[in-house]
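Engineer: Build me a structure from this.
(2 chains)
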Protein chains: 2
Amino acid sequence: MKAILICTGTELLLGQIVNTNAAYIGKALAEAGIDLYEIVTVGDNQERIANAIRRGSENHDLVIINGGLGPTEDDVSGEALAEVLGKNLVVDPVAQARQLDFMHKRNFAIQEFKDKTVQVIEGAQVLLNGNGSAPGSLCTVADKLYALLPGPPNEMQLMFQQELLPRLRKSFALNSVIKSRVLKVTGIGEGEAESRLGDLIHTLNPTLAPTVKSGEIHFRITAKNSSNNEALKLIDEMEAKFRKLLGEFVFGIDEDNLEDAVAKLLWQKGLTIAAAESCTGGNLAFHLSNVPGSSAYLKLSAITYADEWKTALLGVKKETLLTKGAVSKEVAKQMALGIARKAKSDLGVSITGIAGPEGGSEDKPIGLVYIGIYYQGKVVVTKQLFQGDRAIIRERSTKAALRLLWETLK
Amino acid sequence: MKAILICTGTELLLGQIVNTNAAYIGKALAEAGIDLYEIVTVGDNQERIANAIRRGSENHDLVIINGGLGPTEDDVSGEALAEVLGKNLVVDPVAQARQLDFMHKRNFAIQEFKDKTVQVIEGAQVLLNGNGSAPGSLCTVADKLYALLPGPPNEMQLMFQQELLPRLRKSFALNSVIKSRVLKVTGIGEGEAESRLGDLIHTLNPTLAPTVKSGEIHFRITAKNSSNNEALKLIDEMEAKFRKLLGEFVFGIDEDNLEDAVAKLLWQKGLTIAAAESCTGGNLAFHLSNVPGSSAYLKLSAITYADEWKTALLGVKKETLLTKGAVSKEVAKQMALGIARKAKSDLGVSITGIAGPEGGSEDKPIGLVYIGIYYQGKVVVTKQLFQGDRAIIRERSTKAALRLLWETLK
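Structural biologist: Next up is the predicted model:
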């Protein structure tokens, strides 16, 4: 069961809109057990759409065409598919009646009605449009299926789920489901993680696929089976094997993120926290307070850009600032300790670094960041060196602080 | 000048991520006057990628391949292009040295280094990766150009703009240019803005197109001409007309954002600022410190989630907290005044509100936010009521504070 998706729309080629329909259809097909092999995007041009359909039908069992069913001259997807299949476009009387009724109720002038908006491919199974006027078509020609779906996301999604999918399940006798779960790890490199996982990464059902994302690796387990429960069991088994090898690095599942993991640990242990930030300018506190209910553990946070406030508020020694500089292991240490003392919190976390674009030197380059964590009477300071621009350095510093907090608490 | 874009990544076919790279590249090509005729997405499979390249090169002058340059076995785009062109992959010594230097500075084990991540097509022009390790390749074979770009958006975008585009301009002697400029306004509704603009919104060259984005309207002026200077002149003329009608609401151009506009005004007037945040948890300070050089004006910022710290640090009266509650006009006023006094800054800004999902009541619903601005001896407090979830309320509160700061200072 190989499928190809053909998206039409010059606005997609011009980058005026992002193709979220393709992601939606890709995900929905995967969940139904249909393998999407290719996505092709072409402009609103009948010849090019027709060529894409012809070529797509050579190696695929299912050709889905999305977009181009509207009233304007640009909308030529129906015409292109009719051309390829050697059929005519005909008015669907049901869609016509619905549309005329709709216009009547809204007091639209009937002369504005265009037959073009309610056409389907001759002989096709008509797909009802519950959110708009243009009906879809599903044609079977020489054992291949051709589906024509409207472009607006709300129309496409409803038609896909309620009209197209049940017919595809029947046509292809689909009885398999695909389930997936994402295990998120941090504190280990991609190469090291993959070598620890060994052959696990090459299994076929379930599969295990990594995505790297700013200091985190997200491993997606995907299982296919005829039974929902069996698919979930396959995932559970893979998760158990995975956790035996990399369990210590797993901080979350699916939608969990690092701040949720930190919040959960603070909550479980009944601990409070305070933050003192310099180069991240509040980003760490912002992440820590993303979690609902965070006021229970986030006591106080200070952004002490100016050295005078590092001293006045956090008690960083003037001498240390003078001899070691604001971006130093010693200042990070005093900041973490200082904010914890000030806020009377169990943990104190500090970030001081050089985010650029100015302020770097040979000794202290842009991207140099010290992160301090005070917990249980001692401060641990970690030195980091990040690549990237100001925004990336600020984001990575924040993520690193969250990771270090998680590692401290787990 | 016909181009085709080939995006690689099984995660794109499975709908696990939305293809924003395609939109970015489509837009950037259009602006350069290069016509993108087709986008093809295939999985991480060397044969299928190679087939897409072969087919794409038949009818197009430029084939761009995006993604699949990483270290894992899945990353086979370089291999596929090398196969099609009948060339080898070779290590780029510059990228290799940069990467080894980077790993050395970070104390990474050198055995983790993989040649695969620094390979280019033999004989290609090497495209430097300013945001990562994998270099890109640009090959000319039989009058056709093949470009290989990395998948991570920040790496791809920088390489596209700085490395690929200048070479494409030269290779294709591009002479029809499309130029655009975005004028950003705030403090006026879309309907009112469009009615003030009248016929200006319907001109054909340059065009003027609005996009609404959380309290801001971005008007994009787009002009096409054979001469760069003429295109810019068309844009200048449109901007002048636009400013006559809506000038007072324009806070920035192109990449400018509200924090830049605020920063510029603070800078020009030699003013300093301090912030006290509650429900936004540091997001305002984060935005204010996004601007390079912000340490010159951002003195201090405090996130006082806990009432005790509103009192201890900002001098908010216990009685006011008791009688009016933390989310009240009076507390916002005392917070703004308190942080300005504490930091000895010219401006003080405060945000206190209910971001949810808990903590709302009949009197004080979720989304109620007070923003206070102290400036020139007085505090102005604005009451806002935002709709949306926790993340949206926090973001809109921050944007509103920035807008109010801009209106106060302009």
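Engineer: gap between A:L13 and chain B?
Structural biologist: 5 Å (Cβ to the nearest Cβ, to the nearest Å). C-beta coordinates here come from the backbone N, C-alpha and C atoms, glycine included.
Engineer: Quick check: which helices or strands does the one helix or strand A:L405 maps to pack against?
Structural biologist: Secondary structure assignment for A:L405, by DSSP states H and E: helix A:390-409. Applying 3 or more Cβ pairs under 8 Å, 6 or more residues apart in numbering or on different chains; DSSP states H and E, one finds that helix A:390-409 contacts helix A:258-269, helix A:283-288, strand A:347-353, strand A:368-375, strand A:378-385.
Engineer: Can you name the residues of the stretch 301-410 of chain A that neighbour chain B?
Structural biologist: Counting by Cβ under 8 Å from any Cβ of the partner chain, the stretch 301-410 of chain A comes close to chain B at A:301-306, A:309, A:313, A:343, A:356-358, A:385, A:387-392, A:394.
Engineer: Low-confidence regions, chain A specifically.
Structural biologist: Residues of chain A that meet the criterion pLDDT under 70 lie in A:106, A:108-112.
Engineer: ok, now how distant is the residue of the stretch 101-250 of chain A found nearest chain B from B:P71?
Structural biologist: In the stretch 101-250 of chain A, the residue that lies nearest chain B is A:G191 (5.0 Å; Cβ to the nearest Cβ). Counting by Cβ to Cβ, to the nearest Å, the gap from A:G191 to B:P71 is 7 Å.
Engineer: Same list (the helices and strands packed on helix A:390-409) but as TSV, adding mean neighbour count and distance to A:W406.
Structural biologist: Formatted as TSV, these follow (neighbours: other Cβ atoms under 10 Å in any protein chain shown; distance: least, Cβ to Cβ, whole Å):
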stretch	mean neighbour count	distance to A:W406
helix A:258-269	19	5
helix A:283-288	29	12
strand A:347-353	29	11
strand A:368-375	25	11
strand A:378-385	16	13
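Engineer: can you list these in JSON lines and add distance to B:W267?
Structural biologist: Formatted as JSON lines, those follow (distance: least, Cβ to Cβ, whole Å):
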{"stretch": "helix A:258-269", "distance to B:W267": "33"}
{"stretch": "helix A:283-288", "distance to B:W267": "22"}
{"stretch": "strand A:347-353", "distance to B:W267": "23"}
{"stretch": "strand A:368-375", "distance to B:W267": "26"}
{"stretch": "strand A:378-385", "distance to B:W267": "30"}
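Engineer: Restricting to C-alpha, output the helix or strand A:M159 falls within in CSV.
Structural biologist: Using DSSP H and E, A:M159 sits within helix A:153-159. The C-alpha trace of helix A:153-159 is given here as CSV (Å, rounded to 0.1, in the frame of the first residue of the first chain):
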residue,chain,number,x,y,z
PRO,A,153,-7.7,22.7,6.4
ASN,A,154,-11.0,22.4,8.2
GLU,A,155,-12.7,21.1,5.1
MET,A,156,-9.9,18.7,4.2
GLN,A,157,-9.6,17.3,7.8
LEU,A,158,-13.3,16.5,8.2
MET,A,159,-13.6,15.0,4.8
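Engineer: Would you mark the buried spots in the following helix or strand past that helix?
Structural biologist: Where DSSP H and E defines the elements, the next helix or strand beyond helix A:153-159 is helix A:165-171. Across helix A:165-171, burial judged by 16 or more other Cβ atoms under 10 Å in any protein chain shown covers A:L165, A:L168.
Engineer: Give me the residues contacting helix A:165-171.
Structural biologist: Helix A:165-171 has contacts (Cβ atoms under 8 Å, 6 or more residues apart in numbering or on different chains) with A:A28, A:A32, A:I34, A:L62, A:Q125, A:L138, A:T140, A:L145, A:L174, A:N175.
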